[in-house]
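>>> Generate coordinates for the sequence data below:
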Amino acid sequence: MQLLLVFLGGGVGAACRYILSLAAARIYGDSFPWGTLGVNFAGCFLIGLVFALGVERAAISPEFRLLLVTGFLGGLTTFSSYGIETIGLVRDAQWASGLANIAANNVGGLLLVLAGLWIGRQL
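Next up is the predicted model:
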């Protein structure tokens, strides 16, 4: 049962990441990995929220946490994509975009984890 929850959540998360990345590239172009940045921000926020609600307040069952965190967020968040895209920007001598990608993903992600934790604790 646990493997099925991870499998289902991961499939939905990966499909969402793919759709959001395509949409971001269509809307904003592909000169900067906006789609990856967006799903990383969303994933960081959601993991903070789920952690606050699920672990600290026990408001989410362990099975749903497994489906959402390990499955869905594992499929959605794309730090591996972030790494390869950043290396690609640097490799192509787009130093400013590479550094902006590193700063935005890390600082923005951490701030959104804090926002998710704070909001989860207020609910």
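
>>> shaky segments in the chain?
Nowhere does the chain drop to pLDDT under 70.

>>> Buried ones in the longest helix along it, by neighbour count?
Of all segments of type helix in the chain, defined using DSSP state H, the longest is helix 2-28. For helix 2-28, a neighbour-count test (16 or more other C-beta atoms under 10 Å) marks 5-6, 9-10, 12-14, 16-17, 20-21, 24-25 as buried. Where C-beta positions appear, they are placed from N, C-alpha and C, glycine not excepted.

>>> Over to stretch 96-111?
Under 16+ other C-beta under 10 Å, the buried positions of stretch 96-111 are Ser97, Gly98, Asn101, Ala104, Asn105, Gly109.

>>> residues in contact with that stretch?
Applying C-beta atoms under 8 Å, 6 or more residues apart in numbering, the contact partners of stretch 96-111 are 31-33, 36-37, 40-41, 44, 79, 82, 85-87, 89-90.

>>> quick one: contacts for Ser21?
By C-beta under 8 Å, 6+ apart, the neighbours of Ser21 are Gly35, Thr36, Val39, Thr78.

>>> Which members of these occur in helices, if any?
Gly35, Thr36, Val39.

>>> Tell me the buried residues within those.
Gly35, Thr36, Val39.

>>> Phi first, then psi, for Ile60.
When read as degrees, to the nearest 10, the backbone of Ile60 gives phi -120, psi 130.

>>> any idea which of the buried ones among the ones in helices among the contacts of Ser21 is the one closest to Arg65?
Val39 (19.5 Å; C-beta to C-beta).

>>> Surely the closest one is in contact with Arg17?
Yes. Counting by C-beta atoms under 8 Å, Arg17 is a contact partner of Val39 at 5.0 Å.

>>> Next, show the common contact partners of these two.
Leu76, Thr77, Thr78.

>>> With neighbour count and distance to Leu117 as extra columns, can I get those residues in TSV?
TSV is the format used below for those (neighbours: other C-beta atoms under 10 Å; distance: C-beta to C-beta, whole Å):
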residue	neighbour count	distance to Leu117
Leu76	24	18
Thr77	22	17
Thr78	25	21
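
>>> The residue nearest to Tyr28 when sequence neighbours are not counted: how many residues sit nearby?
Once flanking residues are discounted, Tyr28 sits nearest to Trp34: 4.6 Å by C-beta to C-beta, 6 or more residues apart in numbering. When neighbours are counted by other C-beta atoms under 10 Å, Trp34 registers 19.
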